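*Asks:* Okay, sequence plus prediction incoming.
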Amino acid sequence: MPPTRELPAATDADTGHMTDRGATREATRDAELTAWLVARQPALLRTAYLLTGDRHAAEDLLQTSLAKLYLSWDKIRDRGAIDAYARRILVNEHTSLWRRGWKRREHATDMVPEPEPVLESYDDGTAAQVWELVQGLPRRARAVVVLRYYEQLTEAETADVLGISVGTVKSQCSRALAALRERTPSHLAPSPDPTSREEER
Amino acid sequence: MTDRTEERLEQGLRSRADALTEAPLTLADVKATARTIRRRRRSAGAGVAAALVAAVLLPLGLGLGDGDDTAVVPAPQPAVAPAGWLTDGTVHLLDGTEVPLGGVSEVRAWAPLVEGYVAAGMRQGRPVVSFHDRGGALETTWPVSDAGSFVVDDDGRHVAWVLDTGEPVLLDGASGEIERLSSDGLGRRPRLVGITGSCPDECGVVLAGGSGSTYLVSRDGAVEPFLPGVPQVLALAPDDSLVAGLTGPAPDDIHACGGVWLASSGGSTEPAWEDCVDNLYRFSPDGRHVATSFAEGAGMRELRLKDAATGVLLHEMPIADALDRVVWADEQHVLVAVLRDGRWSVVRIGVDGQEEVLGRPLPPVPGDIAEVSSPYLLPTGP
């Protein structure tokens, strides 16, 4: 590459051929994204899985979201914001209007379900209740729950990602928790505080 | 009471997801999908160019002249022109009038009515729909599940939304009273599509139920399928002559295929026109034009103004860094909040291609990241 000459625009609009500057930029982008994919892709896959409830759908959602991240890579000035940006694309892609309608129909023909990944370290009977509850929520409410209780975002951060009010985040979380309380078996019900326990005795 | 429910929820989610530790996609996978998206966007641009040629060559040859059977009958002039925006809880009308909406915070949607204003925001920590008088004073609030969703009829006198109980309601702006409508078969959170017919005597609220099917809820309590031939109804022309909807995902699974039907066909025939790019539609007050956009995961960036009956492109706005809300200010112009060079402004765009910046450029709302929120909240249109 001749570093001293005046470089043309990144892409020749007429031919579509990539110029030196464009090639350099793409190489840089590829290197950055490759490193980022290694570090962050599993986490995004997990979030996608919680959002979709299905491994294949999660990978499909992840692939589209990462492609859109790739196309926007050069516009993200703050590299520290990439994780949050990728998460926003993923969540909003999942809740986008036309995917909601059509993905549901695609899933109408039930195939033999593949085994679901469950860690053996935590299963006191609640895991299945939680999974059933979360998968039964509307998409946006499910996204609220996943962002708050899996991604550990604050209410304000969750509202920001989804473009909804903090109040909506609070109310949807509250409803999810109430529903989980209702479904929790009695032997797993929340322990009353010590004072009331004493009173019962 | 000590409640471990939040902890159990966190652990339950982790137990499901933490077993996934792979990184299934390579850079090549990602780039291949990106190429598909880019190619689709380019082909959409080529389609736009072709449509521009068609717009020049076929100005009146498609049956829009007077006396033609297929001409769209102009709707009555809207009683309220939704022209203005809201910043920091205050409505700024284009004539310079400022109206603070009292008693509510975090307003996420608003609209002018003949008798005042309707808004969706928060009051005492709960999401509500609120009704305000012409001076912005709060008159009544109703609890809702999601602060930000209501529809207004084309004369600015009636508003519909869904209560937190799941019941759709219709507000008569003259009396400030709501009428509860039937929610049979709609599921817990029906999506509002619009108000059809002529209120108050013969009108109904169009909602999409949990299955995606669309229903017409009439004031007499009837709930019946609405245009079942249109797979996913998105918007209704104010004069009810046209309906926009989606037919399915585009071949790239990125864009959407959709179009516009003659409502008289009941959706039983092919759409009057369709394309496989945009997934948002807004009809002009007279039903002659439609603004369309493609909203993807990162939001809207494109805006097209088309002839509603034919789909012929009249104007395409240059791609912006981001767009927020599109509302028709009159029969010929839309208002849209536009992000360019890191600043948001309100732009009025005509079907003739003329653009005029109305709201001075402002920085994005603090606290955001790469995709930034607009400080300008445009009204919800009919």
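*Replies:* In hand now; what should we look at?

*Asks:* Surely A:Leu162 and A:Arg142 touch.
*Replies:* No - using CB atoms under 8 Å, A:Leu162 is not in contact with A:Arg142, being 10.9 Å away. Any C-beta I mention is one placed from the backbone N, CA and C, and that applies to glycine too.

*Asks:* more neighbours, these two?
*Replies:* A:Arg142 (23 against 20; other CB atoms under 10 Å in any protein chain shown).

*Asks:* In space, what's closest to that one - neighbours in sequence excluded?
*Replies:* A:Val134 (5.8 Å; CB to CB, 6 or more residues apart in numbering or on different chains).

*Asks:* Could you look up the SS state of that neighbour?
*Replies:* helix (DSSP: H, G, I helix; E, B strand; the rest coil).

*Asks:* and it, what pLDDT?
*Replies:* With respect to pLDDT, A:Val134 has a value of 87.

*Asks:* Next up, the contacts around it.
*Replies:* A:50, A:53, A:142, A:145-146, A:176, B:12-13 (CB atoms under 8 Å, 6 or more residues apart in numbering or on different chains).

*Asks:* Over to A:Arg142?
*Replies:* With CB under 8 Å, 6+ apart, A:Arg142 has these contacts: A:50-51, A:134-135.

*Asks:* do A:Leu162 as well
*Replies:* A:91-92, A:95, A:140, A:143-144, A:147, A:169.

*Asks:* A:Ala67 versus the one residue in chain A that gets nearest to chain B, what's the distance?
*Replies:* At 2.7 Å from chain B, A:Val130 is the closest residue in chain A, using CB to the nearest CB. Applying CB to CB, to the nearest Å, the value for A:Val130 to A:Ala67 is 31 Å.

*Asks:* can you list the domain ranges for chain A.
*Replies:* A:19-104, A:126-189 (automatic domain parsing).

*Asks:* quick one: low-confidence parts of chain A?
*Replies:* A:1-23, A:77, A:95-125, A:184-201 (pLDDT under 70).

*Asks:* Could you pull out the strands in it for me?
*Replies:* Using DSSP state E, no strands are found in chain A.

*Asks:* Spatially nearest residue to B:Val347, not counting backbone neighbours?
*Replies:* Looking at B:Val347 with CB to CB, 6+ apart, the closest residue is B:Val338, at 4.9 Å.

*Asks:* A:Ala67 too?
*Replies:* A:Ala67's closest residue in space is B:Thr33 (CB to CB, 6+ apart), at 3.6 Å.

*Asks:* Name all residues that make contact with the one you found.
*Replies:* B:Thr33 touches A:63-64, A:66-67, counting by CB under 8 Å, 6+ apart.

*Asks:* Could I get these in JSON lines, plus columns for neighbour count?
*Replies:* JSON lines is the format used below for the contacts of B:Thr33 (neighbours: other CB atoms under 10 Å in any protein chain shown):
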{"residue": "A:Gln63", "neighbour count": "19"}
{"residue": "A:Thr64", "neighbour count": "25"}
{"residue": "A:Leu66", "neighbour count": "26"}
{"residue": "A:Ala67", "neighbour count": "23"}
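
*Asks:* Nearest to B:Pro24 among those?
*Replies:* Minimum distance to B:Pro24 across these is 8.6 Å, recorded for A:Gln63 (CB to CB).

*Asks:* tell me the contacts of the closest one?
*Replies:* With CB under 8 Å, 6+ apart, A:Gln63 has these contacts: B:25, B:29-30, B:33.

*Asks:* Can you select the buried ones from the residues you listed in PyMOL?
*Replies:* To isolate in PyMOL the members of the contacts of A:Gln63 that are buried, counting by 16 or more other CB atoms under 10 Å in any protein chain shown, one can use:
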select buried, chain B and resi 25+29+30+33
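
*Asks:* which of the contacts of A:Gln63 lies closest to chain A?
*Replies:* Nearest member of the contacts of A:Gln63 to chain A, counting by CB to the nearest CB, is B:Thr33, at 3.6 Å.

*Asks:* picking that back up, gap between the residue nearest to A:Ala67 and B:Asp220?
*Replies:* 50 Å.

*Asks:* Then B:Ala250?
*Replies:* 40 Å.

*Asks:* repeat for B:Leu25
*Replies:* Following CB to CB, the distance that separates B:Leu25 from B:Asp220 is 54 Å.

*Asks:* just B:Asp278 next, same as before
*Replies:* 35 Å.

*Asks:* Looking at the two, which one has more neighbours?
*Replies:* More crowded of B:Asp278 and B:Asp220, by other CB under 10 Å: B:Asp278, with 26 against 9.

*Asks:* can you pull the contacts of the more buried one?
*Replies:* B:255-256, B:258, B:292-294, B:302, B:304.

*Asks:* Is it in a helix, a strand, or coil?
*Replies:* Strictly by three-state DSSP, B:Asp278 counts as coil.

*Asks:* Neighbours of the closest residue to it other than its chain neighbours, how many?
*Replies:* Closest residue to B:Asp278 apart from its sequence neighbours, by CB to CB, 6+ apart: B:Thr292 at 4.0 Å. By other CB under 10 Å, the residues close to B:Thr292 number 27.

*Asks:* what's the closest non-adjacent residue to the residue of chain B found nearest chain A?
*Replies:* Going by CB to the nearest CB, chain A is nearest to B:Gly12 of chain B, at 2.7 Å. Once flanking residues are discounted, B:Gly12 sits nearest to A:Val130: 2.7 Å by CB to CB, 6+ apart.

*Asks:* In terms of helices and strands, where is B:Val128?
*Replies:* strand B:126-132 (DSSP states H and E).

*Asks:* Mind listing the strands that strand pairs with, and their directions?
*Replies:* strand B:117-123 (antiparallel), strand B:138-143 (antiparallel) (DSSP bridges).

*Asks:* hey, which of these is tucked in deepest?
*Replies:* Of all these, strand B:117-123 carries the top mean neighbour count, a mean of 24, counting by mean count of other CB atoms under 10 Å in any protein chain shown.

*Asks:* before we move on, the earlier item: how close does the residue of chain A closest to chain B sit to A:Val145?
*Replies:* A:Val130 is 9 Å from A:Val145, by CB to CB.

*Asks:* same thing with B:Arg340?
*Replies:* 36 Å.

*Asks:* Comparing the two, which residue is more hemmed in?
*Replies:* A:Val145 (26 against 15).

*Asks:* OK, contacts around the more buried one?
*Replies:* A:134, A:137, A:172-173, A:176, B:9, B:13 are the contacts of A:Val145 under CB under 8 Å, 6+ apart.

*Asks:* hmm, try it at 6 Å
*Replies:* A:134, A:176 (CB atoms under 6 Å, 6 or more residues apart in numbering or on different chains).

*Asks:* Number of residues surrounding residue 166?
*Replies:* Since you didn't name a chain, this refers to chain A. 19.

*Asks:* you looked at the wrong chain, it should be chain B
*Replies:* 13.

*Asks:* repeat for A:Tyr49
*Replies:* With other CB under 10 Å as criterion, A:Tyr49 counts 23.

*Asks:* That one - nearest residue in space that isn't next to it in sequence?
*Replies:* A:Ala58 (4.1 Å).

*Asks:* what's the spacing between the one you found and B:Glu115?
*Replies:* A:Ala58 is 49 Å from B:Glu115, by CB to CB.

*Asks:* and what of B:Val334?
*Replies:* Taking CB to CB, one finds B:Val334 at 25 Å from B:Glu115.

*Asks:* And B:Pro249, by the same measure?
*Replies:* In this view, B:Pro249 and B:Glu115 are 42 Å apart by CB to CB.

*Asks:* again, but for B:Asp352
*Replies:* 33 Å.

*Asks:* So between the two, which is more surrounded?
*Replies:* Remark: of B:Asp352 and B:Glu115, B:Glu115 carries more neighbours, 19 against 10, as counted by other CB under 10 Å.

*Asks:* my hunch is that the more buried one is in a strand, does that hold up?
*Replies:* No - assigned with three-state DSSP, B:Glu115 falls outside any strand and is coil.
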